[in-house]
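Visitor: Output the structure for:
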Amino acid sequence: ISFRPCGKLVAAAGHGGIAGIFGIGSSAGGSDAEDVLLSWKAHQGWIGDIQFVSQQQAESASNLVLSTSNDKTVVLWDINTAASAGRQVVPKKVATETWHSSGVFSMHELGGRIATGSKDGNVVVAQFKDGKIRKSAVLEDVLEGHVVKCVRLRPNLSVEAASAASSVLACGGNSHTVRV
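Guide: Okay, here's the model as predicted:
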């Protein structure tokens with residue numbers, strides 16, 4: 001689950017590869033009810049994570065969402081550019097990457113950097129810029145033969161620490177350990 005930085009949208013996903021975008025407080029009655037704005041088959045397997053891209057302006061013309069799945073892919077979607085696919089409206093796929101040899105459990109995007117953790121035991125770090133995703137590093141077998149179920153990038157603490165902080169991440173999984 002991920003909130004859009006403007007706070008008015010929520011992305012959620014899970015079983016069956018289905019993703020959805022929900023509006024908060026957007027109902028005609030003015031209540032805080034959640035409205036289903038968009039729902040689509042995003043992946044061929046369960047979805048491990050979904051997240052709005054963090055560096056979007058509240059008034060931006062695009063609403064970019066990243067999703068990861070048991071189908072081994074990371075997909076960048078633009079939910080403002082949707083098209084009909086039969087009876088379903090599907091957001092535009094901006095980019096699709098397959099960096100892992102097994103399903104992707106976890107993803108974290110922060111400030112244009114993306115980290116993914118997978119059943120293959122690897123963590124992949126990538127950079128998002130100008131609608132493109134580029135892999136920058138693969139940390140192999142970080143949990144010594146165990147699945148990576150969670151990965152998080154460290155937020156920048158100050159402008160001076162920005163370059164050092166952007167390369168720090170933590171991950172954990174079936175090994176009952178956390179690696180930083």
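Visitor: Give me the residue ranges of this protein where confidence is low.
Guide: Residues of the chain that meet the criterion pLDDT under 70 lie in 26-34, 56-62, 85, 157-166.
Visitor: please redo it, this time with the cut-off set to 90
Guide: Residue ranges of the chain with pLDDT under 90: 1-9, 14-15, 24-37, 54-63, 80-90, 111-112, 128-132, 155-168, 174-177.
Visitor: For the biggest strand by length in it, name the packing helices and strands.
Guide: Assignment by DSSP state E gives strand 73-85 as the longest strand of the chain. Strand 73-85 makes packing contacts with strand 64-69, strand 88-98, strand 104-110 when contacts are defined by 3 or more CB pairs under 8 Å, 6 or more residues apart in numbering; DSSP states H and E. For glycine as for every other residue, the C-beta is placed from the backbone atoms N, C-alpha and C.
Visitor: got the angle between the first one and strand 73-85?
Guide: In this case it means strand 64-69. Going by axes from the mean of the first three to the mean of the last three CA atoms, to 10 degrees, strand 64-69 is angled at 120 degrees with respect to strand 73-85.
Visitor: Nearest spatial neighbour of Cys171, chain-adjacent residues omitted?
Guide: Spatially, and ignoring its direct neighbours in sequence, Cys171 is nearest to Val151 (4.4 Å; CB to CB, 6 or more residues apart in numbering).
Visitor: so what's the closest residue to Ser2 other than its chain neighbours bridging to?
Guide: Using CB to CB, 6+ apart and skipping residues adjacent in sequence, the residue nearest Ser2 is Gln51, 4.2 Å away. Per DSSP bridges, residues listed as beta-bridge partners of Gln51: Leu66.
Visitor: so how far is His146 from Gln51?
Guide: 24 Å (CB to CB, to the nearest Å).
Visitor: Val178 too?
Guide: In terms of CB to CB, Val178 sits 12 Å off from His146.
Visitor: The two: who's more crowded?
Guide: When Val178 and His146 are compared for neighbours, His146 comes out ahead with 16 against 12, by other CB atoms under 10 Å.
Visitor: Surely that one forms part of a strand?
Guide: No. His146 sits outside any strand when classified using DSSP: H, G, I helix; E, B strand; the rest coil, being coil.
Visitor: what are the ranges of the helices in this structure?
Guide: Assigned by DSSP state H, the helices in the chain fall at 162-165.
Visitor: could you redo the helices and strands packed on strand 73-85 as JSON lines and give each row distance to Ala12?
Guide: Written out in JSON lines, the entries for the helices and strands packed on strand 73-85 read as follows (distance: least, CB to CB, whole Å):
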{"stretch": "strand 64-69", "distance to Ala12": "11"}
{"stretch": "strand 88-98", "distance to Ala12": "14"}
{"stretch": "strand 104-110", "distance to Ala12": "14"}
